[in-house]
Each structure stands twice: as structure tokens, then as C-alpha cells.
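# Compute the structure for the input listed below.
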Amino acid sequence: MGIFKDISNYIFIRRKLMRAIKSNEWKNLGLECDWVGRVWTIINLRKEDIGEENIVKRARVIEKIKPINAFLYELEIGEIIIPAVEQKTERSYLIVYFPKFEYLTVWKAIKILGILSILSWIIYNFSLVSKILNLF
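Residues are numbered from 1 along each chain as shown. As a prediction, this is how the structure comes out:
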């Protein structure tokens, strides 16, 4: 079951991140973590890079996130966490690493909760019916 693999990966990532947050390397890289398990940081380019083309800026950003990627691979989560790069200003980029889910999506989670709700309702109502029938 792929959903269980995604959930176990998420738990694994959270456990590794909770240990890593206390390390000096985490602080030196300027990383932050939120309650969902996303790791993020801001990369600022030099003032000299402002006039460069976007492809050159992207190359500089990739250069600057190499140590972060190496650190995440040391934590053994580099393959199950995906980076996203978003340009915020002319020289700053937001880098967000988030858990990679192949099977667990929002719609599947809603579908599973809906099915569980319907099953719970049916079980509850049938147990009520059986109690009423037992009275007679």
C-alpha cells in the first residue's frame, strides 16, 4: 500500500528533522522547519548578481543550496524531500523542501475520511437497530 509508505516516510522525516534542529550545522545553514515537516530558508544573492540573467541567478542559487542538499542526504532524507525555489525579490529566493508524497494526496485523504465516516455511521445505526430489535 503506497499510502502507508507515504505516511511512514513522513514520520521518518519528522523524526530526523526534530533531531537535526538541535545541531549546529542546522543553525549554520540558516534552516527553519514548520509543523508540517517543511524545511525552508532564504538565499540572498550578491548585489553584483542583480543585473545577471535569470539562468545565471538560478545557477548561483543552486550553488548555494548544495551544502543544504548534502546535509539533508546526511540525515538520510534527501531522496524523500523535494526542493521548490521561488524568487521573492530581485536578489532573494525562498527555498522550501517538502516531503514527497506519491500516493497520499488531499483528495485521497478526504476520500478515506469520507469512507470511514460512512462506515462509522452505518455501524452505529445498525447497532442501534439491533438494540431496538433485542428489546422485543
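# mind checking how far the helix or strand hosting residue 5 is from the chain centre?
In this structure, residue 5 is located in helix 2-20 according to DSSP states H and E. Offset of helix 2-20 from its chain centre (CA atoms, centre = their mean, to the nearest Å): 9 Å.
# Mind listing what's buried along that helix?
Neighbour-count burial for helix 2-20, counted by 16 or more other CB atoms under 10 Å, picks out 6, 9, 10, 13, 14, 16, 17, 20. In this view, the C-beta of every residue, glycine as well, is placed from N, C-alpha and C.
# I'd like the next helix or strand past that helix.
Past helix 2-20, the next helix or strand by DSSP H and E is helix 24-29.
# For the helix or strand following that following helix, which helices and strands make contact with it?
The first helix or strand that comes after helix 24-29 along the chain, using DSSP H and E, is strand 32-33. Applying 3 or more CB pairs under 8 Å, 6 or more residues apart in numbering; DSSP states H and E, we find strand 32-33 packed against strand 39-44.
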